[in-house]
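# okay, here's the prediction I keep looking at, along with the sequence it came from:
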Amino acid sequence: MYITILSRGPQLYSTQSLFRAAQRHGHRVRVMNHTQFDIVIENGMPKLLYLGDELPQIDAVIPRIGSSVSYYGTSVVRQFEQLKIFSTVSSSAIRRSRDKLECLQLLSNCGLGIPKTVFSYDMTDSNYIIDAIGGPPMIIKLLSGTHGAGVVLAESYNAAQSVIDAFAATRQRFLVQEFIAEAKGSDLRALVVDGEVVAAMKRKARPGDFRSNLHRGGSSIHVKLTSAEEETAIKAAELLGLKVAGVDMLESDRGPLVLEVNPSPGLEGIEKTTQVDIAGKIIEYIERSISTC
């Protein structure tokens, strides 16, 4: 089988892990930068060019689309779908999950727990926004942020006003969420592949921080999810149409609360923490899917 990993970072751990897993399974694999494709749209004749050349043989693609190029990367994946080439993650699922607001709307509408969230077209009235969320402490989060960047904990009314006013003045798109104190600076990351949680870890923020991202110096341990947590992770991925997803959840007094669902989850932290060959699980998913086509 010919497998292509769509990635701008061939040296990145996740890309390399998938590359090696595909080779171990006996497949031919290459890394292609999705920003270097040209999309040719013609009636009944969709086409993709790579660096100006015709595509080589490709049986399946694994999108590793960064948030900064979501629009173009999603368009490339959509063109692969038009060419009837299998993708581990659909273009529509990438779009839904990358829009943090749409993601939360879909999940909450289907009964999954999420932190109370407030978003408004006009976010300049900080007092109204703070009162709507129930007052501090509260989380203020940029819609475009990744790896914990653009996420602020406002512990007082004045602090919340200052952050909201600053974000609004610079025309940033952001939302406000309730702070879940009982999570104690930790969250859960579940890796879902083809409707199954294949690995899970708990991430803990470093002292003095509330963000548990490993990129921010947090620590992690391998955990077994409760049945409610596992069901929530699987359901969240299913609702967004994601066959491969990283689902981030908080433990709360009212059950698991979904924070975010990532269509291109990093593999380094969770593979090293759990010692699970997640990349291999993704390759096995491709093999099952191609064999039944």
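Perfect, thanks for sending it.
# next secondary structure after the helix or strand hosting Val77?
In the assignment (DSSP states H and E), Val77 maps to helix 70-82. Using DSSP H and E, the helix or strand that follows helix 70-82 in sequence is strand 86-87.
# which elements pack onto that next one?
strand 60-63, helix 70-82, helix 278-291 (3 or more C-beta pairs under 8 Å, 6 or more residues apart in numbering; DSSP states H and E). From N, CA and C alone the C-beta is placed, and that goes for glycine too.
# give me the nearest residue to the residue positioned nearest the centre of the chain, chain neighbours excluded.
Nearest to the mean C-alpha position of the chain, by C-alpha atoms, centre = their mean, lies Asn262 at 1.1 Å. The shortest distance from Asn262 to any non-neighbouring residue, by C-beta to C-beta, 6 or more residues apart in numbering, is to Gly246 (4.1 Å).
# in the sheet, who's paired with that neighbour?
Per DSSP bridges, the residues bridged to Gly246 are Leu191, Asn262.
# so it sits against Gly266, correct?
Yes: under the criterion of C-beta atoms under 8 Å, Gly246 makes contact with Gly266 at 7.4 Å.
# so which of the two has more stuff around it?
Gly246 (24 against 20; other C-beta atoms under 10 Å).
# who's in contact with the more buried one?
189-192, 261-262, 265-266, 270 (C-beta atoms under 8 Å, 6 or more residues apart in numbering).
# next one: it relative to Leu51, how far apart?
In this view, Gly246 and Leu51 are 30 Å apart by C-beta to C-beta, to the nearest Å.
# could you do Ala93 as well?
For Ala93 relative to Leu51 (C-beta to C-beta), the value is 27 Å.
# burial count for the residue nearest to Gly66 when sequence neighbours are not counted?
Counting by C-beta to C-beta, 6+ apart, Gly66 lies nearest to Arg8, which is 6.5 Å off, once chain neighbours are set aside. By other C-beta under 10 Å, the residues close to Arg8 number 18.
# one more: Thr4?
Neighbours around Thr4, by other C-beta under 10 Å: 25.
# ok, it - contacts?
29-32, 58, 60-62.
# check Arg96 too.
102-103, 106, 240-241.
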